[in-house]
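turn this into a model:
(chains A and B)
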Protein chains: 2
Amino acid sequence: MNKGHLIGVGTGPGDPQLVTRRAWALVENAGVIAYPTPDTGSSFARSIVAEAISSDAIEIPMIVPMRPGRAPAQSIYDEAAAAIGEHLAVGRDVVVLCEGDPLFYGSFMYLLVRLKESFPVEIVPGVTSLSACAAAQARPLVARSDVLSVLPGTMDDDALTVAIEAADAVAIMKVGRHMPRLRALLRRLGLAETALYTSHASLPHERALTLADAPDEAPYFSMILIYKGDDPWIS
Amino acid sequence: MNKGHLIGVGTGPGDPQLVTRRAWALVENAGVIAYPTPDTGSSFARSIVAEAISSDAIEIPMIVPMRPGRAPAQSIYDEAAAAIGEHLAVGRDVVVLCEGDPLFYGSFMYLLVRLKESFPVEIVPGVTSLSACAAAQARPLVARSDVLSVLPGTMDDDALTVAIEAADAVAIMKVGRHMPRLRALLRRLGLAETALYTSHASLPHERALTLADAPDEAPYFSMILIYKGDDPWIS
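Here you go, the predicted structure:
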């Protein structure tokens, strides 16, 4: 019997219209669909493509407890990989939904590493939150021969300072509860005037603000963009 | 009279199936479409969505001479912005096709800066070559609390060394004729064994290789990915 394919599908930043044609078609035709879901609330990845999911599809929710600053237990991915592997072993493809892009800060890697030696894999890349935040602001993310650094907001001030000073363009991801500290740091670095803050890019409740206007209580899905390149973008 | 919208549309890395639903629909309904095209050969951005372009659409090719290592004359964008502006001024939307994502190393910024003060703007983000190369290799681009740096292959060895040593994950873009030098540098840094080389990601002639197996003559549309994070990805 032929084995099923493990298919990691990027669902993009949130707007169902920003799903790729291939991702949408794969979800429409999927017999088995897996996705991460928090222990309280519903799955963001699933919500993006909900309209495309067949009522006949078998769904495998991977319940991932959300605890700030702590990675979920690896046993969650052991169990999910086992459940997915049972379908793959009998020849059924499994579509795994991933917010944004499957290989850009995603939890899909934990499934991939557990299953890639045993089953054929396909990855369908998606639009990242990085691109969606730049689009919301209508400002270049990175241009010409610039260096772009993508930094997690969890980094400490010293490490952030070194990384920000070395780059032409910077995206600080996972801002969340680090917002007051990050804003104070960027003020000290003289970048607070031109930095941009975006949350929930591409969703109806998207906010595209300057850093000065950003709330102190930032959601996890928010980002700060800094561009230090030449004019005309600093104006 | 209402002004038309300038709409920057990311066409993704090359596979027409990796165009977003919104981008595809905008191209299908576009009355005026602009795109960069080389002085010899045909437009890559246009080729990706060719099937969606209406035979009635007005097309504005922006002829961009391709000279290695040199940016095209700004007069090209002055002329293109003027031609696009004539349509916007009389209320016609203009869709500008952009390979990958409009704001990720794209020439769309040159039109944006010329037109954004006079006309409403919309940006439709696209899948970048960065995500497409990681997908072709089925390896994480960046994970957990990693720092990702995106570096142009045109940087000199000293600057590249500093940037590579500071990051957990690195993408070197625009490899092209810099390939032999970049490979020698990564050998000296002890990273040549694990680095990956991808060209024409998502296209029928995609090549996903290790850096060791990569050709000395690399095309402009090629990328080196380095991941220095923890196991299980270095194995």
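
top helix in chain A by residue count?
The residue-count maximum for a helix in chain A (DSSP state H) belongs to helix A:74-89.

in terms of secondary structure, what does that helix contact?
strand A:32-38, strand A:58-64, strand A:94-98, helix A:108-115 (3 or more C-beta pairs under 8 Å, 6 or more residues apart in numbering or on different chains; DSSP states H and E). For every residue, glycine as well, the C-beta is placed using N, CA and C.

buried ones in it?
For helix A:74-89, the buried set under the neighbour-count rule, 16 or more other C-beta atoms under 10 Å in any protein chain shown, comprises A:76, A:77, A:80, A:81, A:84, A:85, A:87, A:88.

ok, back up a step: so which of the helices and strands packed on helix A:74-89 comes closest to chain B?
Across those, chain B has its closest neighbour in helix A:108-115 (4.5 Å, C-beta to the nearest C-beta).

what is the distance between that closest one and the centre of its chain?
16 Å (C-alpha atoms, centre = their mean, to the nearest Å).

does chain B have contacts with that helix?
Yes. Judged by C-beta under 8 Å from any C-beta of the partner chain, helix A:108-115 comes into contact with chain B at A:109, A:112, A:113.

tell me the confidence at the second one?
The one in question is residue A:112. Residue A:112 carries a pLDDT value of 96.

ok, the first one next?
What the model reports as pLDDT for residue A:109 is 92.

surely it and residue B:142 touch.
No. In this structure, residue A:109 is not within contact of residue B:142 by C-beta atoms under 8 Å, at 9.8 Å.

joint contacts of these two?
Shared contacts of residue A:109 and residue B:142, defined by C-beta atoms under 8 Å, 6 or more residues apart in numbering or on different chains, comprise residue A:103.

follow-up on the earlier one: quick one: the helices and strands packed on helix A:74-89 as a markdown table, columns for mean neighbour count and distance to residue B:62 too.
Formatted as a markdown table, these follow (neighbours: other C-beta atoms under 10 Å in any protein chain shown; distance: least, C-beta to C-beta, whole Å):
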| stretch | mean neighbour count | distance to residue B:62 |
| --- | --- | --- |
| strand A:32-38 | 22 | 41 |
| strand A:58-64 | 17 | 46 |
| strand A:94-98 | 28 | 35 |
| helix A:108-115 | 23 | 38 |
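
now the ones you listed in a markdown table, with distance to residue B:66?
Converted to a markdown table, these look like this (distance: least, C-beta to C-beta, whole Å):
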| stretch | distance to residue B:66 |
| --- | --- |
| strand A:32-38 | 43 |
| strand A:58-64 | 46 |
| strand A:94-98 | 35 |
| helix A:108-115 | 37 |
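
kindly export the helix or strand hosting residue A:181 (C-alpha atoms) in CSV.
Per DSSP states H and E: residue A:181 is located in helix A:179-188. Output of helix A:179-188 as CSV, limited to C-alpha atoms (Å, rounded to 0.1, in the frame of the first residue of the first chain):
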residue,chain,number,x,y,z
MET,A,179,5.8,46.1,24.7
PRO,A,180,6.7,48.6,27.4
ARG,A,181,10.3,47.4,27.6
LEU,A,182,10.7,47.3,23.8
ARG,A,183,9.3,50.8,23.4
ALA,A,184,11.6,52.2,26.1
LEU,A,185,14.6,50.5,24.4
LEU,A,186,13.7,51.9,21.0
ARG,A,187,13.4,55.3,22.5
ARG,A,188,16.9,55.0,23.9
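
show me what counts as buried in stretch A:154-169.
A:154, A:155, A:160, A:163, A:164, A:166, A:167, A:168, A:169.

wait, doesn't residue A:163 sit right on residue B:147?
Yes. Between residue A:163 and residue B:147 there is a contact under C-beta under 8 Å: 6.2 Å.

list residues touching both of the two?
Shared contacts of residue A:163 and residue B:147, defined by C-beta under 8 Å, 6+ apart, comprise A:149, A:151, A:155, B:166.

ok, the residue sitting nearest the centre point of chain A - contacts?
Compute the mean C-alpha point of chain A, and by C-alpha atoms, centre = their mean the closest residue is residue A:100, 4.3 Å away. Residue A:100 sits next to A:10, A:11, A:12, A:13, A:106, A:126, A:127, A:128, A:129 when contact means C-beta under 8 Å, 6+ apart.

so the fifth one touches residue A:99, yeah?
Same thing as residue A:106. Yes. Using C-beta under 8 Å, residue A:106 makes contact with residue A:99 at a distance of 7.2 Å.

for chain A, which segments count as strands?
Counting by DSSP state E, chain A has strands at residues A:6-10, A:32-38, A:58-64, A:94-98, A:121-124, A:148-152, A:169-173, A:196-199, A:207-210, A:222-227.

of those strands, which approaches residue B:138 most closely?
Of all those, it is strand A:121-124 that lies closest to residue B:138, at 5.2 Å by C-beta to C-beta.

extract the CA atoms of the closest one and return them as PDB.
Output of strand A:121-124 as PDB, limited to C-alpha atoms (Å, rounded to 0.1, in the frame of the first residue of the first chain):
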ATOM      1  CA  VAL A 121       6.300  15.200   2.900                       C
ATOM      2  CA  GLU A 122       5.000  18.200   1.000                       C
ATOM      3  CA  ILE A 123       5.100  21.800   2.300                       C
ATOM      4  CA  VAL A 124       2.900  24.600   0.900                       C
END
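
which outside residues touch that strand?
Strand A:121-124 has contacts (C-beta under 8 Å, 6+ apart) with A:5-10, A:20, A:22-23, A:26, A:102-103, A:112, A:115, B:18, B:134-136, B:138.

list the buried residues for it?
By neighbour count on 16+ other C-beta under 10 Å, the buried set for strand A:121-124 is A:121, A:123, A:124.

stretch A:118-135 now?
Within stretch A:118-135, the residues scored as buried using 16+ other C-beta under 10 Å are A:119, A:121, A:123-135.

next, the distance between the ends of that stretch.
Stretch A:118-135 has its terminal residues 39 Å apart, counting by C-alpha to C-alpha, to the nearest Å.

can you list the domains in chain A?
Per the record, chain A has its domains at A:6-124, A:129-227, by automatic domain parsing.

a markdown table for these, including distance to residue B:222?
Putting the domains of chain A into a markdown table (distance: least, C-beta to C-beta, whole Å) gives the following:
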| stretch | distance to residue B:222 |
| --- | --- |
| domain A:6-124 | 18 |
| domain A:129-227 | 16 |
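
so which of the ones you listed gets nearest residue B:175?
Nearest to residue B:175 among these is domain A:129-227 (13.4 Å), distances taken as C-beta to C-beta.

mean confidence score for the closest one?
On average, domain A:129-227 scores 95.
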